[in-house]
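Undergrad: Compute the structure for the input listed below.
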Amino acid sequence: MQILVINSGSSSIKIDLLDAQSGARAATAHVERVGADGCFATVQADGGERRIELPGADHGAALDGVLPALDLSAVKAVGHRVVHGGERFTRPTPIDDGVIAAIDELAVLAPLHNPANTAGMKAAMARLPAVPHVAVFDTAFHHTLPRRAQLYALPTELAEKHGLRRYGFHGTSHQWVAHRAAEHLDSDIGDLRIITCHLGNGASVTAVEYGRSVETSMGLTPLEGLVMGTRSGDVDPGVVLTLLRREGWSADELDRVLNRESGLAGLSGRGNDLRDIEEGAAEGDERCRAALHVFTHRLRKYIGAYAAVMGGVDAIVFTGGIGQNSALVRHRVAQRLDFLGARLDEDGNRDAKVTLDAPVYDIGRDNGRVKLMVVATDEAHAIARETAAFVQHDDVVDAERTIPIAVSARHIHLTDEALAYLFGDGYALTPYKPLSQPGQYACEEKLNLIGPKGRIDGVRILGPTRPRCQVEISRTDEFRLGVDAPVRPSGHVQNSPGITLERPGGKTLTLEEGLICAWRHIHMTPEDAERFGVADKDVVDVAIDTDDRDLIFGDVMVRVSSKFATEMHIDTDEANAAGLGRGAKGSLVATDAIARLTRRRPSPHL
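TA: Now for the predicted structure:
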């Protein structure tokens, strides 16, 4: 399917005409200096390149000048990049007047980007009215950030009044390169912890834990985080207050300094082009050297922090104009990451070249536990794929069929070795009652959980035994125990916290890892998966219907196996939010509620 992708910025427009599946370009165009007398476009099509002069052209006039130079006869849809989607837009969205108005309302959070994005939409829709136009949002990938990563430590009422929370950006790129890295490693992204570093004039880093964004450096706006070309990145708010008081600046003047005159440009005094800064540093310019030191130090600090957030890391990815092309930056960032198991191959780093046709290059040593790689980002291809998926209704599921819901209370899975240690050699678990999942049962045996702060007694063991010990608790249980359990799919316990298990009146066993909050999920038979139009490890939105209220649960993982019975599992906190099973005890409690799938989130896998 041929898709036209438009990335409309404040002073430039990038256009790609490409096949959504392969990414092959039929044509590209780049409009520079929009609105200025020197506005022009460079168009590559039919094996040649031409320059089109567009003096004074705004977004509409620029598209009028460029689109006739492209063969758009096979275009099935137009995908538009949008920087800020706020809380409302977390997936590709068909564009209409209401959507444009909502994106414009978010311009206060992205004043340099959203107005330009909608200007491009209006211009393109006027010139291509017969095909669907779809908005793809930079912030959407980060909608999975946990609340602890979303919230600023501001008065809650004030933050809610003004929508002050962390959203994250560059999501299309972070998601794309994380999946390309997983494919290169011949691994399922659901089994990996990846740190993606998108380094360009705008720069950000993201912790991708088992396919989900769980932390990212940009926040409410693209100003937070790493040092960037002209943006300051992280700054003590006291600096802002000091400047306001001593310089007497207005908010607009302060905005100009932080967004347009800081970062690498402000530090180096040579502008924001890293190539010029590297050249200056080599010539002995101390300001350029300081700019490089601050830039790479900040990124290295974030990488270390994100490895701690995820309890480890499997791969570190460099992408973007700087990440893909600056061996010096990669060297400075990676040279002190040995403690993580990331060991840079200096020769490979110097030789690394990536293209859209050869998008991945390993720059780590073979004996490094953590893989280091350069991955070519391709945001236009990512937008094209998401646009095509929407147009082809790849996100559509059977919303009429219903799924029973069970409340999964806290419970324990033991290995044979742990069972023998706690209860004695040859001990067999005593079935209490069968569970809804075939072959699984609640046991008569219970253990006490002992955490740093408190304890929870009488937690039921589930049978049969498993290859790894696992304890599943709720967020409320976390606070009772004084622990911080990550949200993980069942079985993913590597580098999770430990907990002490106590047999009432008997032995104790301290687990080094195994404590998690389970990612909300649906068990499904292959037959039901086919009926619903989903596949194993798909992520879906689910509407829950109850007598009291109706809720939408997003980010629900589907697990498909012939060993399963179809059923959605939520924990006790989520059940309480939906008005289900209040005070439920035991391990798995059936409810009268039903769930309906509302939408599937297509994967960006090739």
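Undergrad: Poorly predicted segments of the stretch 101-250 of the chain, please.
TA: For the stretch 101-250 of the chain, no stretch is flagged by pLDDT under 70.
Undergrad: And residue 478, how close does it get to residue 296?
TA: In this view, residue 478 and residue 296 are 36 Å apart by C-beta to C-beta, to the nearest Å. (Glycine included, C-beta is placed from N, CA and C.)
Undergrad: of these two, who's got more company?
TA: residue 296 (23 against 18; other C-beta atoms under 10 Å).
Undergrad: you'd agree that one is in a helix?
TA: Yes - using DSSP: H, G, I helix; E, B strand; the rest coil, the assignment for residue 296 is a helix.
Undergrad: Isn't it up against residue 329?
TA: Yes - counting by C-beta atoms under 8 Å, residue 296 does reach residue 329; the two are 5.9 Å apart.
Undergrad: contacting residues around residue 478?
TA: Residue 478 makes contact with 484, 485, 517, according to C-beta atoms under 8 Å, 6 or more residues apart in numbering.
Undergrad: residues contacting the second one?
TA: For residue 485, the residues meeting the contact criterion (C-beta under 8 Å, 6+ apart) are 473, 478, 496, 497, 515, 516, 517.
Undergrad: Backbone torsions only: list them for it.
TA: phi -90, psi 130 (degrees, to the nearest 10).
Undergrad: pLDDT score for it?
TA: In this model, residue 485 is scored at 91, pLDDT.
Undergrad: go on, the last one?
TA: Looking at residue 517, its pLDDT stands at 92.
Undergrad: Show me what it is bridged to.
TA: Note on residue 517: beta-bridge partners by DSSP bridges are residue 487.
Undergrad: now the strands for the stretch 51-200 of the chain?
TA: Under the criterion DSSP state E, counting those that start in this stretch, the stretch 51-200 of the chain contains strands at 75-82, 93-94, 133-137, 193-199.
Undergrad: For stretch 487-499, which outside residues touch it?
TA: Taking C-beta under 8 Å, 6+ apart as the rule, stretch 487-499 contacts 146, 190-191, 210, 310-312, 449-451, 468-472, 481, 483-486, 510-519, 521, 557, 559.
Undergrad: Over to stretch 296-314?
TA: 185, 192-195, 197, 199, 203, 205-207, 209, 214-215, 217, 225-227, 233-234, 316, 329, 332-333, 336-337, 340, 342, 370-371, 486, 494-496.
Undergrad: between the contacts of residue 485, which is nearest residue 156?
TA: residue 478 (20.0 Å; C-beta to C-beta).
Undergrad: Give me the secondary structure label for that closest one.
TA: helix.
Undergrad: any idea of the pLDDT on it?
TA: Model confidence at residue 478 (pLDDT) stands at 93.
Undergrad: List the buried residues in stretch 293-303.
TA: 294, 295, 296, 298, 299, 300, 302, 303 (16 or more other C-beta atoms under 10 Å).
Undergrad: What is the neighbour count of residue 155?
TA: Residue 155 has 10 nearby residues by other C-beta under 10 Å.
Undergrad: circling back to that earlier point, tabulate the buried residues of stretch 293-303 (a markdown table), appending distance to residue 360 and pLDDT.
TA: Listed next are the buried residues of stretch 293-303 as a markdown table, based on distance: C-beta to C-beta, whole Å; pLDDT from 0 to 100:
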| residue | distance to residue 360 | pLDDT |
| --- | --- | --- |
| 294 | 29 | 98 |
| 295 | 24 | 98 |
| 296 | 22 | 98 |
| 298 | 25 | 98 |
| 299 | 20 | 98 |
| 300 | 22 | 98 |
| 302 | 22 | 98 |
| 303 | 19 | 98 |
